[in-house]
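Chemist: Task: produce atomic coordinates for the following.
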Amino acid sequence: MTENIAQEPQKTTGNPWLFVPSLFFLEGIPYFIVSTVSVTMFKRMGISNAEIGLWTSLITWPWIIKMLWGPLVESTSTKRKWIVGTQILGILTMLGVSQTITMENFLTPTLVVLTILAFLSATHDIAADGFYLLALSPEDQAYFVGIRGTAYRLANVFCNGGLIYLAGTLESAPGALIPQAWRNVLIIAALIYLFFVIIGYRAMPKPRQDADKQETFPFKAAFAEYFSQAKLPLILGFILLYRFGESMVSKMSNPFLIDTIEKGGMGMTTSEVGFITGVVGVVALTLGGIIGGMVISRFGIKRSLWPMVLAMNVPNLMYIWAATVQPGKIWVTLIVGCDQFGYGFGFAAYMVYLMFITQGTKYPTAHYAISTGLMALGAMTAGITSGYVQQYTGYVGFFIATLVLAMPGIALLPFLPLEKEDLHIAPVDID
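Modeler: Residues are numbered from 1 along each chain as shown. As a prediction, the model looks like this:
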């Protein structure tokens with residue numbers, strides 16, 4: 001079946017110029033609402049940094065283990081129906097969050113509904129990725145990969161820029177209450193999401209192969225092969241620790257910008273945070289990723305790894321300076337831009353290495369999925385840690401700690417297997 005898909009386009013109707021950008025724009029919105037917009041929302045609702053770091057990290061667990069229910073998506077119904085179904089339920093779930101956030105004891109019910117949204121979003125990811133391969137020819141898959149990535153980044157701008165900026169505008173209206181402001185923002189987000197769902201539904205083709213059911217995937221063999229890799233402890237340590245410090249910064253950067261000067265923060269409004277992190281930050285992140293990819297293509301992963309890991313972590317020194325002297329908004333904007341550029345630049349090496357270790361394996365797709373799940377686990381652990389460290393040490397101590405906690409991952413680099421012959425898989429008896 002796979003060979004047939006690769007040889008000929010499978011779409012019967014549909015317009016990829018509409019369904020590709022709408023599909024992956026819709027893929028990004030729930031993810032960013034759960035993982036990043038919720039941080040700012042809870043901060044404005046008065047939740048402590050320790051609780052923010054803990055709960056907004058824990059609710060990302062569906063993305064860590066989503067490959068475990070991937071076979072269900074592959075073997076039941078069609079991916080098109082899975083996409084539409086999870087999108088409709090996603091709209092209802094966003095509306096659910098808009099109601100729970102106004103409750104007196106809002107935290108627990110809001111976290112429950114956000115977790116449901118995360119599960120729906122992770123399932124949507126599985127179906128969308130599979131549908132992309134079925135609906136487009138190999139040539140179109142390559143052609144639209146940039147459109148796909150751009151649509152996902154626009155979802156980032158929409159959520160972390162547009163929604164947060166709008167929330168700040170509504171918060172500042174005369175007589176406005178913060179819970180009602182965020183309720184209205186989430187309702188607007190759900191309506192915009194619905195608009196793109198309608199566009200996508202009308203534009204998506206019905207690939208003939210989408211009706212085919214795939215055979216059960218050999219999970220046991222794939223996991224056994226993955227965890228029999230040579231130098232496995234080094235590889236696992238790198239995956240879990242490479243961006244530990246930066247993941248801590250990512251979780252606490254918005255609370256740092258929002259907290260008052262007296263609390264060691266920057267005292268910015270919600271709208272200012274939306275512009276700085278959601279527009280300036282995302283643009284810098286995108287440019288860093290593009291340039292990082294070009295550098296790796298030109299010089300290779302071995303020569304690029306050290307500069308990239310430094311680019312990811314050195315900007316944290318600027319956060320230490322900012323937390324110490326609490327400079328003006330222009331300086332903070334530059335710091336966030338530099339940090340996000342460095343993160344995008346350094347993250348390119350990380351993703352290329354995850355692809356590198358799948359080479360020569362029997363189940364490269366499964367291995368990559370396991371690696372990205374472990375990557376998400378490392379980020380979740382860092383996020384959980386971040387709030388407690390900040391609350392205990394203050395912001396200056398926190399940003400110093402991010403550099404210290406980045407050191408174990410950096411220390412692994414000289415020992416990391418970077419040659420194909422170092423990645424051999426030992427024979428494994430899986431019975």
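Chemist: tell me which element the nearest residue to L354 once chain neighbours are set aside falls in.
Modeler: The shortest distance from L354 to any residue other than its chain neighbours is 4.4 Å, reached at S371 (C-beta to C-beta, 6 or more residues apart in numbering). (C-beta placed from N, C-alpha, C; glycine too.) Following DSSP states H and E, the helix or strand that holds S371 is helix 364-411.
Chemist: pLDDT on that helix, on average?
Modeler: For helix 364-411, the mean per-residue pLDDT is 92.
Chemist: elements contacting that helix?
Modeler: For helix 364-411, the elements it packs on are helix 49-58, helix 61-64, helix 219-226, helix 232-241, helix 244-258, helix 281-313, helix 316-325, helix 329-356, judged by 3 or more C-beta pairs under 8 Å, 6 or more residues apart in numbering; DSSP states H and E.
Chemist: Least confident of those, on average?
Modeler: Per-stretch averages of pLDDT across the helices and strands packed on helix 364-411 put helix 219-226 at the bottom, with a mean of 83.
Chemist: picking up where we left off before, what's the angle between the helix holding S371 and helix 219-226?
Modeler: In this structure, helix 364-411 runs at an angle of 40 degrees to helix 219-226, with axes from the mean of the first three to the mean of the last three C-alpha atoms, to 10 degrees as the basis.
Chemist: residues touching F223, list them.
Modeler: Contacts for F223 were tallied using C-beta atoms under 8 Å, 6 or more residues apart in numbering; they are A366, I370.
Chemist: Check the secondary structure at T361 for me.
Modeler: Using DSSP: H, G, I helix; E, B strand; the rest coil, the three-state assignment for T361 comes out as coil.
Chemist: Over to it: give its phi and psi.
Modeler: In terms of degrees, to the nearest 10, the main-chain angles of T361 are phi -100, psi 160.
Chemist: Repeat that for Q229.
Modeler: Per-residue torsions, Q229: phi -60, psi 150 (degrees, to the nearest 10).
Chemist: quick one: the residue nearest to L354 and T100, what's the gap?
Modeler: Taken as C-beta to C-beta, to the nearest Å, the spacing of S371 relative to T100 amounts to 34 Å.
Chemist: G281 too?
Modeler: For G281, the distance to T100 equals 28 Å [C-beta to C-beta].
Chemist: Of the two, which one has the most company?
Modeler: It is G281, of G281 and T100, that has more neighbours when counted by other C-beta atoms under 10 Å, with 27 against 20.
Chemist: With distance to Q391 as extra columns, can I get the helices and strands packed on helix 364-411 in JSON lines?
Modeler: Formatted as JSON lines, the helices and strands packed on helix 364-411 follow (distance: least, C-beta to C-beta, whole Å):
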{"stretch": "helix 49-58", "distance to Q391": "4"}
{"stretch": "helix 61-64", "distance to Q391": "23"}
{"stretch": "helix 219-226", "distance to Q391": "37"}
{"stretch": "helix 232-241", "distance to Q391": "22"}
{"stretch": "helix 244-258", "distance to Q391": "10"}
{"stretch": "helix 281-313", "distance to Q391": "22"}
{"stretch": "helix 316-325", "distance to Q391": "14"}
{"stretch": "helix 329-356", "distance to Q391": "21"}
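Chemist: ok, which stretches of the stretch 101-250 of the chain are helices?
Modeler: Taking DSSP state H, counting those that start in this stretch as the criterion, the stretch 101-250 of the chain contains helices spanning 107-135, 138-156, 164-171, 178-203, 219-226, 232-241, 244-258.
Chemist: out of the helices and strands packed on helix 364-411, deepest packed?
Modeler: Mean neighbour counts were taken over the helices and strands packed on helix 364-411 using mean count of other C-beta atoms under 10 Å, and the top value, a mean of 25, falls to helix 244-258.
Chemist: what residues does the helix or strand just after it touch?
Modeler: Taking DSSP H and E as the definition, the helix or strand that follows helix 244-258 towards the C-terminus is helix 270-275. Outside of helix 270-275, the residues that reach it under the criterion C-beta under 8 Å, 6+ apart are 40, 44, 160-169, 171-172, 254, 257-258, 329.
Chemist: one step back: nearest to F19, out of the helices of the stretch 101-250 of the chain?
Modeler: The stretch from the helices of the stretch 101-250 of the chain with the least distance to F19 (C-beta to C-beta) is helix 178-203; that distance is 3.9 Å.
Chemist: quick one: the nearest residue to F196 once chain neighbours are set aside and G200, what's the gap?
Modeler: In space, not counting the residues next to it along the chain, F196 is nearest to S22; the distance is 4.8 Å by C-beta to C-beta, 6+ apart. When C-beta to C-beta is the yardstick, S22 and G200 sit 4 Å from each other.
Chemist: ok, now K231?
Modeler: 43 Å.
Chemist: and what of E171?
Modeler: The spacing between E171 and G200, counted by C-beta to C-beta, is 32 Å.
Chemist: next one: I370
Modeler: In this structure, I370 lies at 30 Å from G200, with C-beta to C-beta as the measure.
Chemist: neighbour count winner among the two?
Modeler: Comparing I370 with G200 by other C-beta under 10 Å, the one with more neighbours is G200, at 23 against 20.
Chemist: Could I get the contacting residues of the more buried one?
Modeler: Under the criterion of C-beta under 8 Å, 6+ apart, the neighbours of G200 are L18, F19, S22, L23, L26, I83, Q87.
Chemist: Out of those, flag the one nearest to A189.
Modeler: Among the contacts of G200, L26 lies closest to A189 (C-beta to C-beta), at 11.4 Å.
Chemist: Please name the spatially closest residue to that closest one (chain neighbours excluded).
Modeler: F196 (5.5 Å).
Chemist: Need the pLDDT of the one you found.
Modeler: Predicted confidence (pLDDT) at F196: the value is 96.
Chemist: any residues touching the helix or strand encompassing T40, and which ones?
Modeler: Counting by DSSP H and E, the secondary-structure element that holds T40 is helix 38-44. Residues lying outside helix 38-44 but in contact with it, judged by C-beta under 8 Å, 6+ apart, are 49, 51-52, 55-56, 59, 101, 107, 114, 164, 167, 171, 178, 182, 251, 254-255, 258, 270, 273-274.
Chemist: Now do the residue nearest to W55 when sequence neighbours are not counted: how many residues are near it, please.
Modeler: Spatial nearest neighbour of W55, chain neighbours left out: L111 (5.5 Å); criterion: C-beta to C-beta, 6+ apart. Under the neighbour criterion other C-beta under 10 Å, L111 is assigned a count of 19.
Chemist: Domain boundaries for the protein, per the record?
Modeler: The chain is divided into the following domains under automatic domain parsing: 10-208, 218-413.
Chemist: Point out the one among these that comes closest to E419.
Modeler: If you check each of the domains of the chain against E419 by C-beta to C-beta, domain 218-413 wins as the nearest, at 8.6 Å.
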